[in-house]
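Q: model the following, please.
(one chain, ligands or ions: 2)
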Amino acid sequence: MSAQIPSEAAYDRLRRRQWLAGEARADGIERRDLLRLLASAGAVAALPAGALAGAQRASAAPAPAAGPPGPAGGATPAAGPVPGIVKPLPAEWFVPRGTNAEMRFDALRGGADGGPVGRHVPVERFFVRNHTSTPLIDAADWRLRIFGAGLRGAPTAGQPVEFSLDDLRGLPSHSIGALIECAGNGRSFYASQQHRTVPGTQWTLGGIGSARWRGVRLAEVLRRAGLTADAVDVMPAGLDPEPVVNGVNLGRVRRPLPVAKALDDVLLAYEMNGEPLTPDHGAPVRVVVPGWVGIASVKWVGTVEVADRPLYSPWNTDSYRLFGPDYPPGGSAPLTTQVVKSAFELARDAVLPAGRTQHLHGRSWSGAAPVRRVEVSVDGGRRWRRAELRDEPRPGNWTRWTFDWRPERPGPYELRARATDRRGNTQPEVSLFNREGYLFDAVVVHPVTVG
Ligand SMILES: Nc1nc2c(c(=O)[nH]1)N[C@H]1C(S)=C(S)[C@@H](COP(=O)(O)O)O[C@H]1N2
Ligand SMILES: [Mo]
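A: Ligands and ions are numbered 1, 2, ... in the order given. Sure, this is the predicted structure:
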């Protein structure tokens with residue numbers, strides 16, 4: 001059936017034409033509402049979980065005994081520095097950012113409690129990106145509901161094809177190592193390096209994590225649900241509380257995938273690093289879309305629509321496109337693959353001793369291809385030397401590297417790391433500006449002091 005499946009590039013071109021022609025509809029949200037929404041960057045509120053349309057039961061995270069007041073809209077916050085996140089967020093591992101928790105790269109070197117972190121990030125240290133808050137879902141009641149005109153007999157949302165967690169566990173399992181990375185990872189550097197302030201979560205480089213995911217291929221489940229050659233788009237939706245922006249309820253977090261990607265390497269994951277998924281990372285089941293922007297990897301998936309025409313949601317129309325002077329007037333095609341980035345496993349402004357060899361550690365990654373090489377500069381970007389790669393570069397994952405440096409003179413230094421992937425994508429000095437600050441790929445300046 002692959003002859004009927006449009007390539008990703010053809011799909012993007014089609015999508016852009018439809019968007020510009022005003023055909024884009026995001027489940028009842030008119031294009032002009034979306035445009036109005038993007039004109040004003042407002043606070044996101046959450047509807048209480050009980051307000052979710054549909055029969056799935058999902059309760060908000062438990063209330064702390066004496067915690068901060070809940071956000072407007074009524075979702076109950078979890079205890080801790082980020083309302084709505086269930087797991088503990090110790091300050092050595094995380095930086096709280098709104099409803100999200102950024103992973104600290106310097107914490108990957110280990111500390112009092114243990115050695116360095118391997119290729120995959122332990123679940124308890126993995127970054128969290130929530131539009132609203134983590135729902136607690138009873139796995140025994142949970143069902144994956146699949147419907148739409150791209151399935152045999154066109155089951156409806158009311159009469160979907162259903163799979164329980166046991167059903168999914170009974171299907172052939174598959175596991176992959178994959179990164180989840182927020183499209184806005186690195187966003188704060190647009191302001192700090194390029195003097196362009198952009199709205200949204202001000203991530204440094206820790207809006208990313210790698211894990212071993214086990215589950216069932218989405219392709220397998222779609223085939224069993226009766227996928228036909230008419231299928232064009234596949235749209236998973238989450239069971240978390242619905243985000244409300246400037247009084248407009250955006251509905252469930254959802255984003256369509258072209259059927260070509262859905263059938264290629266997408267996983268419905270029920271395990272992360274060998275353990276059942278935890279609430280913050282999508283329990284009982286999440287989507288994992290290797291190489292793509294994190295928003296595609298829908299957590300707490302409850303439904304999947306399989307449509308015979310392109311679908312739209314706020315997450316592929318007003319958000320997760322590139323807008324700005326270097327992009328077409330209606331914005332770029334919806335974002336898919338991630339860009340090239342590199343990070344040191346070192347605190348910013350770290351103090352290092354003079355006259356001693358430093359074993360600098362870092363990681364580099366690209367959504368498009370395995371990492372080919374990494375170069376490091378310790379003199380403000382004048383001279384570059386190769387870092388030594390410590391992992392077999394793989395698609396969809398990062399590669400750890402080391403770089404030995406013996407600084408002799410005390411004083412301030414700027415470290416830089418620059419990766420190139422096997423397709424030849426490399427990190428530029430300046431990232432092309434876009435209004436939302438997505439896909440920051442420029443080399444990041446990492447200041448340290450030798451003293
Ligand atoms: N249902 C749902 N899925 C979601 C989100 C969300 O808020 N709700 N956030 C998305 C975004 S923007 C990112 S970057 C990843 C983050 O995954 P993590 O929290 O497991 O790190 O989940 C994605 N899936
Ligand atoms: Mo994200």
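
Q: when you work out contacts or count neighbours from here on, use the C-alpha atoms and nothing else.
A: OK.

Q: what parts of the stretch 251-400 of the chain come near ligand 2?
A: Listed as neighbours of ligand 2 in the stretch 251-400 of the chain under the rule C-alpha under 5 Å from the ion: Gly294, Ile295.

Q: can you list the residues of the stretch 251-400 of the chain near ligand 1?
A: Selection of the stretch 251-400 of the chain residues close to ligand 1 by C-alpha under 6 Å from any ligand atom yields Val253, His281, Gly294, Ile295, Ser297, Val298, Lys299, Trp300.

Q: one more time with 5 Å
A: For the stretch 251-400 of the chain, the residues found near ligand 1 under the criterion C-alpha under 5 Å from any ligand atom are Val253, His281, Gly294, Ile295, Ser297, Val298, Lys299.

Q: which of the residues you listed fall within strands?
A: Secondary structure assignment by DSSP state E places none of these in strands.

Q: ok, so of those, who is nearest Arg400?
A: Sorting these by distance to Arg400 puts Gly294 at the head of the list, at 20.7 Å, by C-alpha to C-alpha.

Q: so what's that closest one up against?
A: Gly294 makes contact with Ile180, Glu181, Cys182, Ala183 under the criterion C-alpha atoms under 8 Å, 6 or more residues apart in numbering.

Q: interface residues of the stretch 101-250 of the chain facing ligand 2?
A: Counting by C-alpha under 5 Å from the ion, the residues of the stretch 101-250 of the chain lying close to ligand 2 are Cys182.

Q: mind showing which ranges of the stretch 101-250 of the chain have poor pLDDT?
A: Low-confidence segments of the stretch 101-250 of the chain (pLDDT under 70): 111-113.

Q: okay, strands next: where are they in the stretch 351-451 of the chain?
A: 358-365, 371-377, 385-386, 388-389, 399-405, 411-421, 446-450 (DSSP state E, counting those that start in this stretch).

Q: ranges for the helices of the chain?
A: With DSSP state H, the ranges of helices along the chain come out as 8-20, 31-39, 165-170, 188-194, 218-225, 259-262.

Q: returning to that earlier point: just send the residues of the stretch 251-400 of the chain next to ligand 1 back as a markdown table, with pLDDT too.
A: Rendered in a markdown table, the data for those read as follows (pLDDT from 0 to 100):
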| residue | pLDDT |
| --- | --- |
| Val253 | 97 |
| His281 | 98 |
| Gly294 | 97 |
| Ile295 | 97 |
| Ser297 | 98 |
| Val298 | 98 |
| Lys299 | 98 |
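
Q: and the two most separated of these?
A: Across these, the longest distance by C-alpha to C-alpha is 14.2 Å; it joins Val253 and His281.

Q: mind checking which of those two has more residues around it?
A: Summary of the neighbour comparison: Val253 and His281, criterion other C-alpha atoms under 10 Å, with Val253 having more neighbours (25 against 22).

Q: in the chain, which residue sits closest to ligand 2?
A: Proximity of the chain to ligand 2 (C-alpha to the ion) peaks at Cys182, 3.4 Å away.

Q: relative to Gln338, how far out is the residue nearest to the spatial centre of the chain?
A: What sits nearest the mean C-alpha location of the chain, by C-alpha atoms, centre = their mean, is Gly294, with 1.8 Å. Remark: distance between Gly294 and Gln338 (C-alpha to C-alpha, to the nearest Å) = 9 Å.

Q: with Gly396 instead?
A: Counting by C-alpha to C-alpha, the gap between Gly396 and Gln338 amounts to 10 Å.

Q: any chance you could list residues touching both of those two?
A: What both Gly396 and Gln338 touch, as defined by C-alpha under 8 Å, 6+ apart, is the set Gly291, Ser366, Gly367, Ala368.

Q: just flag the most distant two among these.
A: When these are compared pair by pair using C-alpha to C-alpha, the maximum separation belongs to Gly291 and Ser366, at 7.5 Å.

Q: so which of those two has more stuff around it?
A: The residue with more neighbours, out of Gly291 and Ser366, is Ser366; 31 against 24, by other C-alpha under 10 Å.

Q: joint contacts of Gly291 and Ser366?
A: Counting by C-alpha under 8 Å, 6+ apart, the residues touching both Gly291 and Ser366 are Gln338, Gly396.

Q: what number of residues lie near Glu271?
A: 22.

Q: and what of His361?
A: His361: 20 surrounding residues under other C-alpha under 10 Å.

Q: pull the contacting residues for it.
A: If a contact means C-alpha under 8 Å, 6+ apart, then His361 has Phe344, Glu345, Leu346, Arg400, Trp401, Thr402, Phe403 as its contacts.

Q: do Met235 as well
A: Each residue near Met235 by C-alpha under 8 Å, 6+ apart is listed here: Arg254, Arg255, Pro256, Leu257, Val304, Glu305, Val306, Leu311.

Q: top of the residues you listed by neighbour count?
A: Using other C-alpha under 10 Å as the neighbour definition, the contacts of Met235 reach their maximum at Val306, which records 32 neighbours.

Q: any idea which of the contacts of His361 is closest to ligand 1?
A: Glu345 (18.7 Å; C-alpha to the nearest ligand atom).

Q: grab the nearest non-local neighbour of the closest one.
A: In space, Glu345 comes closest to Asp106 once its chain neighbours are excluded; the distance is 4.4 Å by C-alpha to C-alpha, 6 or more residues apart in numbering.

Q: stretch 259-276 - what's its average pLDDT?
A: Across stretch 259-276, the average pLDDT comes to 97.
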